[in-house]
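Chemist: need a structure here:
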Amino acid sequence: MDAHIGKYEALKRRSGWLVALRSLKKFVLAWICVAAFPALAYDINGIKLGGREIEVKKAMPSARCKALEWQSAAADRRCDDARVSVGGVETRITVYLKADAVQAYDLRFDVKDLGRLQAHLKSRWGAPLAEATEVIARRDSKDRQVLKMRWEKGAERAILTAQLEKKRASLEVSLGNFPTEIYRVR
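Modeler: Down below sits the predicted model:
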């Protein structure tokens, strides 16, 4: 009888450890998901795709919001701000809204700050889906170098482009077919 109780106690102890190990695995998995959650959205300083105009004004108090000057199926309002710091880089931003939801935003910044912004975006959003520097050969002058980085998750996409010999670069973040619809003539 004593041998039977000993086996039972040993089994009970082992199953206790298994339950604890399973609980620990669930906790670690949940923690990883929560830690990765901010990286799921392409947000800048609290402005995210699908957000509301009031959130844009809260994140950028000096932003000037107004109706779009042209008719577009992609957006009906825009908010502009001349000075927004993103990852320590001074940028200019335009946020496009439709029905009080952020559809896209466009950041413009100096090419000299390209390395810092690239590092910030990679740490925030992860490695880009594609990254390349294209060389465009020109007969009459120096070749043009264009850096392109692209992130995509579902219908959201972010594209950073920089002509390395120019002064300005841009980051465009959008939902769906925004880039093709925004300037389409109606």
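
Chemist: for this protein, name the helix or strand with the lowest mean pLDDT.
Modeler: One helix or strand of the chain scores below all others by mean pLDDT, DSSP states H and E: helix 2-36, with a mean of 54.

Chemist: after that helix, next one along is what?
Modeler: As assigned by DSSP states H and E, the chain's next helix or strand after helix 2-36 is helix 53-59.

Chemist: now do that next one: distance to the chain's middle.
Modeler: 17 Å (C-alpha atoms, centre = their mean, to the nearest Å).

Chemist: show me what whatever helix or strand comes next after that helix pairs with in its sheet, parallel or antiparallel.
Modeler: Sequence-wise, the next helix or strand downstream of helix 53-59 (DSSP H and E) is strand 64-67. Applying DSSP bridges, strand 64-67 is found paired with strand 77-86 (antiparallel).

Chemist: what's downstream of the strand it pairs with, the next helix or strand?
Modeler: For strand 77-86, the following helix or strand on the C-terminal side (DSSP H and E) is strand 89-98.

Chemist: for stretch 133-146, how far is the first residue from the last?
Modeler: End-to-end distance for stretch 133-146, by C-alpha to C-alpha, to the nearest Å: 5 Å.

Chemist: residues contacting it, please?
Modeler: With C-beta atoms under 8 Å, 6 or more residues apart in numbering as the test, stretch 133-146 has contacts from Leu147, Lys148, Thr161, Ala162, Gln163, Leu164, Glu165. C-betas here are computed from N, CA, C, even on glycine.
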